[in-house]
Structures are given as structure tokens and as C-alpha cells.
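> can you look at this prediction? I've put the sequence above it.
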Amino acid sequence: MSEPTRTRRLVSPSPEETHALGVKLGELLAPGDFVGLVGELGAGKTHLVRGVAEGAGVAKSEVASPTFAIVYPYEGRIPLYHADLYRLADYEELYATGFVDMVADNDRAMLVEWLDRIPQAAPREFLRVTLRHEGEAARSLEAEAFGARPAALLESWLG
Ligand SMILES: Nc1ncnc2c1ncn2[C@@H]1O[C@H](COP(=O)(O)OP(=O)(O)OP(=O)(O)O)[C@@H](O)[C@H]1O
Ligand SMILES: [Mg+2]
């Protein structure tokens, strides 16, 4: 993996703060943006995605934790795909779900939990957000942009 174009780090002291960060990112997303989420179980990936969905104008009732399917479409002001790669074995299995075509189509913004399971799932340009436990209620957030559009997105999001 090449060096990120832009990197920002911060600590979110509460679930509410993480949600608010997600809302702000959701307001900035455009179709074709790809956001990979990395972090242990309970790190806050889905929590952040719920905020993003709200910011993108998705109805709350639409947002699930992807359990039965690998990828869920959400309709909103910005249409999204929410994917979770946790249960996938390898790239071939991912390919069989149609995920690769969804990335190529660029007609939605994509939020992909457990991207580190199958790093080849990412397109050439993307934003990677890594969440880490910092005690009971705090999480560190590291955002790394690869490419010009993701770097501009990150600058608008976190400066
Ligand atoms: N600062 C914080 N930011 C985000 N979530 C937090 C924070 N502090 C505590 N939490 C809690 O951590 C949990 C995060 O759960 P979440 O489902 O988002 O994790 P996840 O990374 O998606 O895990 P999984 O890999 O199991 O899908 C939630 O219960 C949330 O309330
Ligand atoms: Mg999750």
C-alpha cells in the first residue's frame, strides 16, 4: 500500500461525538466515494456508519448491521451501499457477491466495514478510517486518504 495523501487523527470521547462525526462525513459524501472502516469488534464502525447514513439523508429504519447480506443499499439524498466483509473468506467470494461491479458503477457512496479482511476490495482512491478502543467510551479515529478526491473529502471533513 502506498503512502496516504492526507492523514488526520483525533479522539472521539463518546458515542455521540462519533455519531456527529459520521453525520458530518455523510453530508459531504458523493456517489463514487469509498470509505473503508477498520477496527476490532465493537470499535464503533457501525456506529459511525449510522451517523454517515443520517448525514446522507437515509431514513433511520433503513440502517441495519449487515448480517444476512454482505452489502445493503440505502436510499437517501446520497444513495449508499453499506457492506461488511467480516464473514468473507477471500476476494473470490467477494467477487461472487457482485461487490466489485458495485464499486465500478460509482452510482452510490460505499461504506465498507472490515476492509482490512480483503484490502483488494478497495478501489485505487479511497478513504480509510481506523477506529481503536481508548478505554470504555473513547475511541481514536485515524483517517487516511488515498488519492486527490479522498484527500479533499478528508480536508472538508476533519480539516
Ligand atoms: N467513542 C465511541 N465511539 C463509538 N462507539 C462507542 C464509543 N464509546 C463507546 N462506544 C460503543 O461501542 C459500540 C460500538 O459498536 P459498533 O457496532 O459500532 O462496533 P463495530 O466496530 O461495528 O463492531 P463489529 O465489528 O462487531 O461490527 C457501541 O455500543 C457504542 O455505543
Ligand atoms: Mg459493525
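Yes, it's here. Ligands and ions are numbered 1, 2, ... in the order given.
> find the nearest non-adjacent residue to Arg124, please.
Gly147 (6.6 Å; Cβ to Cβ, 6 or more residues apart in numbering). C-beta: built from backbone N, CA, C; applies to glycine.
> pretty sure Gly51 is touching Gly26, no?
Yes: the pair Gly51 / Gly26 is scored as a contact, 6.5 Å apart, by Cβ atoms under 8 Å.
> ok, back up a step: got a pLDDT number for the residue nearest to Arg124?
Each residue has a pLDDT score; the one for Gly147 is 98.
> list the residues that contact it.
Contacts for Gly147 were tallied using Cβ atoms under 8 Å, 6 or more residues apart in numbering; they are 5, 124-126.
> what does Val129 give?
By Cβ under 8 Å, 6+ apart, the residues touching Val129 are 35-38, 48, 141-144.
> ok, Ile118 next?
Here Ile118 is in contact with 85, 88, 90-91, 94 (Cβ under 8 Å, 6+ apart).
> nearest to ligand 2 among the contacts of Val129?
Within the set of those, Leu37 lies nearest ligand 2; the separation is 7.9 Å, counting by Cβ to the ion.
> what parts of this protein come near ligand 1?
Residues of the chain that fall close to ligand 1, judged by Cβ under 6 Å from any ligand atom: 12, 14-15, 18, 39, 41-47, 113, 137-139.
> 8 Å instead?
For the chain, the residues found near ligand 1 under the criterion Cβ under 8 Å from any ligand atom are 12-15, 17-19, 37, 39-50, 65, 84, 86, 113-114, 131, 136-139.
> so Thr130 is in which element?
According to DSSP states H and E, Thr130 maps onto strand 126-133.
> whichever helix in the chain runs longest vs strand 126-133, what angle?
Taking DSSP state H as the criterion, the chain has its longest helix at helix 15-28. For helix 15-28 against strand 126-133, the angle between stretch directions is 180 degrees (axes from the mean of the first three to the mean of the last three Cα atoms, to 10 degrees).
> oh, and call the first residue 868 from now on, that's how I've got it
With the count now opening at 868, the last piece we talked about shows up as helix 882-895.
> which neighbouring elements make contact with helix 882-895?
Other helices and strands packing on helix 882-895, by 3 or more Cβ pairs under 8 Å, 6 or more residues apart in numbering; DSSP states H and E, are helix 912-922, strand 1006-1013, helix 1015-1025.
> closest to Arg944 out of those?
Distances from Arg944 to each of the helices and strands packed on helix 882-895 were compared using Cβ to Cβ; the shortest belongs to helix 912-922, at 9.1 Å.
> check which helices and strands that closest one sits against.
Using 3+ Cβ pairs under 8 Å, 6+ apart as the contact criterion, the neighbours of helix 912-922 among helices and strands are helix 882-895, strand 901-905, strand 947-951, strand 976-980, strand 993-1000.
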